[in-house]
Structures are given as C-alpha cells and as structure tokens.
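Asks: here's a sequence, model it:
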Amino acid sequence: MEELNVNLAGVRTGPLTAGERVTLTDPKGRRHSVLLRAGATFHTSRGGIGHDELIGGPDGNVVTSTGGVAYVAFRPLLEEFTVTMPREAAVIYPKDAAQILVQTDIFPGARVLEAGVGSGALSLHLLRAIGPSGVLYSYERRADFAAVAKQNVERFIGGEHPAWQLRIGDLAADIGPEPVDRVILDMLAPWECIDAVAGVLQGGGMLCCYVATTTQMGRTMDTIRAHGGFTEPAASELTARGWHAEGLAIRPGHSTTGHTGFLIFTRRLAPGVTAPLRRRRPAPGAYGPDYTGPRPPGVEVPVAVSADESPQEQS
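Replies: Model (predicted):
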C-alpha cells in the first residue's frame, strides 16, 4: 500500500491515490468508508466497484457499480472521519466538538490539556485548531484506548503530529507541570481533577467538562464553585435537527441528534484570586440535609432537627 505524506491538517487535494480513504455515497444517502488499494474491489449488494476506477481520478467523482448504481466519491471531511473511524470508546460528536472549540476559544499556538482521549475524535479537532506551533497534552488511563486514538490520528494526517503528547496515566496523579491555556475534561468524574488542573491552567484560561448525566453535571459544577478560583460555571446541551425542503414540502427531518452530553464551561481566575461571593437563591432543599456534595461559598450547612423537637423549640 502506498505511503501517505504527513499533512497536519489532514486535508489533501489533487487526484485520489492508493492508501487514502474515500467516502462512497449511494443514491439513498448511505455512506461507505473505503480505503483505496490498487487492484482491490469494493463489493456492494448492487455489484462491485474497482478501486482502480477511483485511483487517479478527481475528488468528487462519480463511479458506477457493476450493477448500474452510481456512487459519489469524496475524500472524507474531518467530521465524517471522526464518526466512522475505528473506536474503542464513545467519541465526542461533531456538534459538541464544534461548541467546545468555539466556547473555549481554541487558537493557533494554544497549549491545551485534554483528559479522556477515548478514540481520538476531539484530539483531531484540537490538533487542527492549535496547529504545529501549539501543544496538546492528552491523558488517557487505558492503554488500549490510547492505542486506538494514536492509530486514528496518524491515519488521518498520515503520520505523527509534532504538537501531540499522548500520555498514559491518571490525570489527578500524573498531571505534568506544564502551564496550559485551555483544559478539556471528558471523563467519568471530572470533579476529582479540578484541583489538579487549577494548578496548571493559567489565569484567564478556559476549562470545559463534558459529562453524560445530570448527576455528574451537578457534582462538577458545585466542585468548581467550592474551589473558588473559577468564574460561575455555565452548563448546556446541544441538539441538532435536519430539515427537508423540496418545492412546497418544507418540514423538519425525521431524525434528530439529541442528547449526547452536557458541556460545562468556566474561566480560571488569576492565582490567589477568589471569586466574589455570588448572590444566589437556591431552590428549597437544593443544599438541604440530604445533600452530601461540595457546598459553594455562602451556602450554609443546615442544622439537623431532631424528630421530637417542635417548631416552637427551634425558634
């Protein structure tokens, strides 16, 4: 198989070559990811397509299977690659990755810390955004996940990325001393790492936590508040709905990309600076006797009342 040259953006132009991946789309919109090899054939239920018909041809070509079905052939966009690449762990989907890059203000040359690499989808987006002048410190606890992520990144760009440092280990225990501008945590318990990342995240830097459940979201946000060195965290979730438009038939599409995760964003204050006490009126019982998590500054621990104590005795 032909070796591909390293392209840090993962964007290639010119004729299609052996060794690169293309996306074939049939008339019903179904997509197939194919790795081109000289002399090989891609088999479908409507006949085969010879790879040699694609190799040397233009990006955006149309090829016909032996059964007479036309397929559009394109090099995959990064968005397509991240949702079709091999995976061992769930990926951060494009709708969330786009929000993370914009909301955390990732820029060329940024020093970014990422924990919970998974299969490398977000790593690819971050590496493209920071470029060769930046650095991405990626932490992953599981070596098998890290191996898949490394393979996916190198497959997309054609080799190793000079700005990427992939580290195997637990972030809370193994975090490096390097100062960073941005931190993205995609893990089961990000609240356990708030103190660790606060020590390396520079003043004005952004922290994003990606969690799956409301319980994780609440625990993470209260831990950030209790730390005192961050702005008030904000949480959101994104849904994406397609639309159908043909002539006078204009309506929402039948499918919607719904809940994938919650995004939490906050900004690091300067070292030694504590966030001003926030005026808050929590719902009754929000931090009542049954609450056992971290308490934000100004939220008092309620006094336990014995079962035989009357309201008059309390006053």
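Asks: show me what contacts Leu101?
Replies: Listed by Cβ atoms under 8 Å, 6 or more residues apart in numbering, the contact partners of Leu101 are His125, Leu126, Ala129. C-beta coordinates here come from the backbone N, C-alpha and C atoms, glycine included.
Asks: helices along the stretch 201-315 of the chain, start to end?
Replies: 214-227, 311-314 (DSSP state H, counting those that start in this stretch).
Asks: so where is this structure shaky, pLDDT-wise?
Replies: Where the chain drops to pLDDT under 70, the residues are 1-4, 303-315.
Asks: now do 90
Replies: Low-confidence segments of the chain (pLDDT under 90): 1-7, 45-46, 84-90, 253-259, 275-293, 295-315.
Asks: mind listing what's buried along the lengthiest strand in the chain?
Replies: Counting residues, the longest strand found in the chain (DSSP state E) is strand 201-211. Of all the residues in strand 201-211, those buried under the rule 16 or more other Cβ atoms under 10 Å are Leu201, Gly205, Met206, Leu207, Cys208, Cys209, Tyr210, Val211.
Asks: in those residues, find the pair that's most separated.
Replies: Largest separation among the buried residues of strand 201-211 by Cβ to Cβ: Gly205 and Val211, giving 19.7 Å.
Asks: one step back: how about the buried residues of strand 201-211 in JSON lines, adding distance to Ala270?
Replies: Converted to JSON lines, the buried residues of strand 201-211 look like this (distance: Cβ to Cβ, whole Å):
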{"residue": "Leu201", "distance to Ala270": "11"}
{"residue": "Gly205", "distance to Ala270": "10"}
{"residue": "Met206", "distance to Ala270": "14"}
{"residue": "Leu207", "distance to Ala270": "14"}
{"residue": "Cys208", "distance to Ala270": "19"}
{"residue": "Cys209", "distance to Ala270": "21"}
{"residue": "Tyr210", "distance to Ala270": "26"}
{"residue": "Val211", "distance to Ala270": "27"}
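Asks: for these, which one is nearest Val117?
Replies: Distance to Val117 across these (Cβ to Cβ) is lowest for Tyr210, with 12.3 Å.
Asks: and the closest one, how far from Ala163?
Replies: When distance is defined by Cβ to Cβ, to the nearest Å, Tyr210 is 21 Å away from Ala163.
Asks: how far out from the middle of the chain is stretch 181-190?
Replies: Relative to the centre of its chain, stretch 181-190 is centred 10 Å away, using Cα atoms, centre = their mean, to the nearest Å.
Asks: residues in contact with it: which ones?
Replies: With contacts defined as Cβ under 8 Å, 6+ apart, stretch 181-190 is touched by 92, 100, 104-106, 110-116, 118, 122, 126, 171, 193, 197, 200-202, 205-211, 216, 219-220.
Asks: got a PyMOL select line for the buried ones in those residues?
Replies: Buried members of the contacts of stretch 181-190, defined by 16+ other Cβ under 10 Å, are picked up in PyMOL with:
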select buried, resi 92+100+104+106+110+111+112+113+114+115+116+118+122+126+171+193+197+200+201+205+206+207+208+209+210+211+216+219+220
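Asks: which SS state does Gly57 fall under?
Replies: coil (DSSP: H, G, I helix; E, B strand; the rest coil).
Asks: ok, the nearest residue to it once chain neighbours are set aside - contacts?
Replies: Closest residue to Gly57 apart from its sequence neighbours, by Cβ to Cβ, 6 or more residues apart in numbering: Leu16 at 5.7 Å. By Cβ under 8 Å, 6+ apart, the contact set of Leu16 is Val22, Leu36, Leu54, Ile55, Gly56, Gly57, Pro58, Asp59, Asn61, Ala73, Arg75.
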